[in-house]
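> got a predicted model here, sequence first, then my questions.
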Amino acid sequence: AQTVTQSQPEMSVQEAETVTLSCTYDTSESNYYLFWYKQPPSRQMILVIRQEAYKQQNATENRFSVNFQKAAKSFSLKISDSQLGDTAMYFCAFMKHPNFGNEKLTFGTGTRLTIIP
Amino acid sequence: DTGVSQDPRHKITKRGQNVTFRCDPISEHNRLYWYRQTLGQGPEFLTYFQNEAQLEKSRLLSDRFSAERPKGSFSTLEIQRTEQGDSAMYLCASSLEGTGRYYGYTFGSGTRLTVV
């Protein structure tokens, strides 16, 4: 079974600053996918960024980037030039390679991020 | 298409009553997932459908829970004889088969259940 750990329940940062959210995971799988999802207050969860385990290059999506350390089983999210709209709950999630089967996600407990004006 | 819709948004029920939630996925999506999110926790997998077939159920899904997707479109999640421990946010998500790993799911806004 896989586990995902987010050790920072809450974080806050000033607008325009950079913030890094931590995530570690435990798995015996060699092929898998990692995700960061954002859940704004009272709104649906949306995908922020994803990483394939077999790709060494860290994923980047505009202001969002990850630091994927496969040997350390670490997958942190960096948000640059933070904006008020980044205020949300952020979940790290793991998906083992499903072949044609269930693409289910295992989530961490989340980090509540507040951007301060 | 307006995304994944869930109804109702909030439900308060008395312990012992039955409740049913509905999820309308994105019409082209043949996979539909149910997750449960309790306070302070991340979402936990409950079950998923491919078209109308329920292909996997979590051990979290006790005998009091049943899910259906009769025509491969909308899905319902019923909880019988509700208990206070069932209080949670129930999330529905959909995707096209094989694309969840690349594009993620599309989530609904959830149904928040409070059992009093």
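Good, I have the coordinates.
> sec struct for A:Gly85, please.
Look at A:Gly85: counting by DSSP: H, G, I helix; E, B strand; the rest coil, its state is helix.
> what sits against it?
With contact set as Cβ atoms under 8 Å, 6 or more residues apart in numbering or on different chains, A:Gly85 has these partners: A:Pro40, A:Ile115. Any C-beta I mention is one placed from the backbone N, CA and C, and that applies to glycine too.
> starting from chain B, give me the distance back to it.
In this view, A:Gly85 and chain B are 17 Å apart by Cβ to the nearest Cβ, to the nearest Å.
> nearest residue to the middle of the chain?
Using chain A here. A:Trp36 (2.8 Å; Cα atoms, centre = their mean).
> wrong chain, I was asking about chain B
So for chain B, Cα atoms, centre = their mean, it's B:Trp34, sitting 3.2 Å from the centre.
> distance of that residue relative to A:Phe107?
B:Trp34 sits at a distance of 14 Å from A:Phe107 (criterion: Cβ to Cβ, to the nearest Å).
> would you check that B:Ala88 makes contact with B:Leu113?
Yes. Between B:Ala88 and B:Leu113 a contact is recorded at 6.1 Å, counting by Cβ atoms under 8 Å.
> near chain B, which residues of chain A?
Contact residues, chain A versus chain B (Cβ under 8 Å from any Cβ of the partner chain): A:4, A:33, A:35, A:37, A:42-47, A:50, A:91, A:93, A:95, A:97-98, A:100-110.
> for PyMOL, what selects the buried ones among those residues?
Burial among those is assessed by 16 or more other Cβ atoms under 10 Å in any protein chain shown; the matching PyMOL selection reads:
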select buried, chain A and resi 4+33+35+37+44+45+47+50+91+93+95+102+103+104+105+106+107+108+109+110
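> which residues touch the residue of chain A positioned farthest from its centre?
In chain A, the greatest distance from the average C-alpha position (Cα atoms, centre = their mean) is reached by A:Phe100, at 24.1 Å. The neighbourhood of A:Phe100, defined by Cβ under 8 Å, 6+ apart, consists of B:Glu97, B:Gly98.
> name the SS class of it, please.
Assigned by three-state DSSP, the conformation of A:Phe100 is coil.
> how much space separates it from B:Ser94?
For A:Phe100 relative to B:Ser94 (Cβ to Cβ), the value is 17 Å.
> go through stretch B:31-50 and flag the buried ones.
B:31-37, B:42-50.
> repeat for stretch A:11-20
A:Val13, A:Val19.
> export that stretch as CSV, just CAs?
The C-alpha coordinates for stretch A:11-20 follow below in CSV (Å, rounded to 0.1, in the frame of the first residue of the first chain):
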residue,chain,number,x,y,z
MET,A,11,1.4,27.8,5.7
SER,A,12,1.1,31.5,5.0
VAL,A,13,3.2,33.8,2.8
GLN,A,14,3.1,37.3,1.6
GLU,A,15,1.7,38.0,-1.8
ALA,A,16,4.4,37.9,-4.5
GLU,A,17,6.7,35.7,-2.4
THR,A,18,7.8,32.2,-3.1
VAL,A,19,6.5,29.2,-1.1
THR,A,20,7.4,25.6,-1.1
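> ok, back up a step: need phi/psi at the residue lying closest to the residue nearest to the centre of chain A once chain neighbours are set aside.
Nearest residue to A:Trp36, sequence neighbours excluded (Cβ to Cβ, 6 or more residues apart in numbering or on different chains): A:Val48, at 4.3 Å. A:Val48 adopts backbone torsions of phi -100, psi -50, taken as degrees, to the nearest 10.
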